[in-house]
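Undergrad: Next comes the sequence, and after it the predicted model I'd like to discuss.
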Amino acid sequence: MADDKTPQSNESQFDQTDAAADHVAGELTEEPTAPEVGEVEGATTATTGSKTDAELADLKDKYLRLVAEFENYKRRTTKERADLFKTANQELMVALLPVLDDFDRARHHTKDTEDAGTVRESIDIIHNKLQKTLNQKGLAPMEAKGGAFDPDLHEAITQIPAPSEDLKGKIVDEVEKGYYLGDKVIRHAKVVLGQ
């Protein structure tokens, strides 16, 4: 009986040893639920693709918002500029109305007078008032006569013999006065040069 059991025991040990050897040296047991390599890559690619799509959609949304904001900005600034021009004209007109009133009064009170001095005095008063009003709005006349010619400020309309040596090549007469509005030249002075 003992002899019959011994070989079986050896075989059993052998089987166990083989199984252990297979377990030690063999490949890892594949779990039935473990994904294939291709499936993992596919899932990763799908995840990356969906993330890229989300980022693309986000960028498109930001782009559309920026375009809409820029269009609104252009419309708003255009309207503000038009309103500014209207307001600036209105402000100047309101400032000039008293001068117009003075002209009306001067015409009414001097229509029957033959005194040229009275008419000249009324014109001088109105001229000074107009000049003061325009100066307050930023208008300033150029002082050209006797100075050097500057093509950025002056427009030479002719040349005449200089009345003195020190006026040769300089402005000897001013036909039409030039004006600045702030720092900007809004009209060049028309001048006569000495030669």
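TA: Right, received. Where do you want to start? Computed from a prediction, not measured in an experiment: that's the story for all the values here. Numbering: from 1, shown residues only.
Undergrad: mind checking how far the longest helix seen in the chain is from the chain centre?
TA: Under DSSP state H, the helix in the chain containing the largest number of residues is helix 37-110. Between the centre of helix 37-110 and the centre of its chain there are 10 Å (C-alpha atoms, centre = their mean, to the nearest Å).
Undergrad: Flag the shaky bits of the protein, pLDDT-wise.
TA: Low-confidence segments of the chain (pLDDT under 70): 1-43.
Undergrad: Please repeat the previous calculation with a cut-off of 80.
TA: Low-confidence segments of the chain (pLDDT under 80): 1-47, 86, 88.
Undergrad: Dump stretch 124-141 to PDB, restricted to CA.
TA: Output of stretch 124-141 as PDB, limited to C-alpha atoms (Å, rounded to 0.1, in the frame of the first residue of the first chain):
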ATOM      1  CA  ASP A 124     -13.300 147.500 -33.200                       C
ATOM      2  CA  ILE A 125     -15.300 146.500 -30.100                       C
ATOM      3  CA  ILE A 126     -16.900 143.600 -31.900                       C
ATOM      4  CA  HIS A 127     -13.600 142.500 -33.500                       C
ATOM      5  CA  ASN A 128     -11.900 142.400 -30.100                       C
ATOM      6  CA  LYS A 129     -14.800 140.400 -28.700                       C
ATOM      7  CA  LEU A 130     -14.600 137.900 -31.600                       C
ATOM      8  CA  GLN A 131     -10.900 137.600 -31.300                       C
ATOM      9  CA  LYS A 132     -11.100 137.000 -27.500                       C
ATOM     10  CA  THR A 133     -13.800 134.400 -28.000                       C
ATOM     11  CA  LEU A 134     -11.800 132.500 -30.600                       C
ATOM     12  CA  ASN A 135      -8.600 132.700 -28.500                       C
ATOM     13  CA  GLN A 136     -10.500 131.100 -25.700                       C
ATOM     14  CA  LYS A 137     -11.400 128.200 -28.100                       C
ATOM     15  CA  GLY A 138      -7.700 127.700 -28.900                       C
ATOM     16  CA  LEU A 139      -7.200 129.800 -32.000                       C
ATOM     17  CA  ALA A 140      -3.900 131.800 -32.100                       C
ATOM     18  CA  PRO A 141      -2.600 134.000 -34.900                       C
END
